[in-house]
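**Student:** what follows is a predicted structure for the sequence shown.
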Amino acid sequence: MPNWLLPENIADVLPSEARKIEELRRLMLDNFRLYGYELVMPPLLEYVDSLLTGAGKDTDLRTFKLVDQISGRMLGLRADMTIQVARIDAHLLNRDSVTRLCYAGSVLHTRPSGLHATREPLQIGAEIYGHAGLEADAEIQELAMASLALAGFDEVRLDLSHVGVLRALIADDAAASRDEAALCALLRAKDSPGLAALTANYLPATRAALLALPNMYGDIEVLARARAELPAAPGVVKAL
């Protein structure tokens, strides 16, 4: 085997494409700054304990892991920068006011997300912390649409979901609560057969509600369906 070959789904970025990527990266980051977002640069490598905590648990199977030769602890190569930025906000900045942060950098995946996808995608994004109102949701959605427009997309469909609905549905089911990360992945993929298999031993009411979720998509009318078909748990009512 030639020693210059790269691993599968890993590729060099050649001059013309590299120039386009860098120009777009700069354009988006400059636009984030106009909205008041500050740039942060998390490390490529972290202890697995912090990298896969909380919402990061669902990236476990996508994360390359290795042993730190200095400390002997397990390290992970980031598969997603979102949880890192949340850590910076919560533990390093820890501001009392609203915090707006943005980021851009390479992440690594153990497996490609699609047939022709790279295992070293460039991730760019923005997060707003410290405000739980609808104003924050509206701002981040506006920023997302503006960023896509800068990238040349003129026909965009924005899909919205609310993790509070899932957490409310599984709150009283111990087996379902343990599977939150797996449920998130299956619901994101609208994998009904996988969802049916995973929920086989859940409480009947929990299972019925979870199996209904993949079909609840569309325009604003889907909210009325959700209110009618899902249990009236406080978290569901609040989210809808």
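**Tutor:** Done, it's in. Numbering: from 1, shown residues only.
**Student:** what's the domain layout of the protein?
**Tutor:** Domain assignment for the chain, taken from the TED database, gives 15-151, 163-239.
**Student:** centre of the chain versus the last one, how much separation?
**Tutor:** Just to be clear, that refers to domain 163-239. 18 Å (C-alpha atoms, centre = their mean, to the nearest Å).
**Student:** pLDDT on it, on average?
**Tutor:** On average, the pLDDT along domain 163-239 is 88.
**Student:** likewise for stretch 116-125?
**Tutor:** The model assigns stretch 116-125 a mean pLDDT of 94.
**Student:** distance between the ends of it?
**Tutor:** For stretch 116-125, the first-to-last residue distance is 22 Å (C-alpha to C-alpha, to the nearest Å).
**Student:** got it, and stretch 187-205?
**Tutor:** End to end - C-alpha to C-alpha - stretch 187-205 spans 17 Å.
**Student:** and the gap between the residue nearest the centre of the chain and Ala104?
**Tutor:** By C-alpha atoms, centre = their mean, the chain has its centre lying nearest to Thr82, at 6.7 Å. Look at Thr82 and Ala104: by C-beta to C-beta, to the nearest Å, they are 13 Å apart. Bear in mind the C-beta positions are built from the backbone N, C-alpha and C, glycine included.
**Student:** equivalent analysis for Arg73, please.
**Tutor:** Taking C-beta to C-beta, one finds Arg73 at 28 Å from Ala104.
**Student:** neighbour count for these two, which is higher?
**Tutor:** Between Arg73 and Ala104, counted using other C-beta atoms under 10 Å, the more crowded position is Ala104 (18 against 10).
**Student:** quick check: that one is in a strand.
**Tutor:** Yes. If the criterion is DSSP: H, G, I helix; E, B strand; the rest coil, then Ala104 is within a strand.
**Student:** would you confirm that Pro112 contacts Glu120?
**Tutor:** No. Counting by C-beta atoms under 8 Å, Pro112 does not reach Glu120; the two are 9.8 Å apart.
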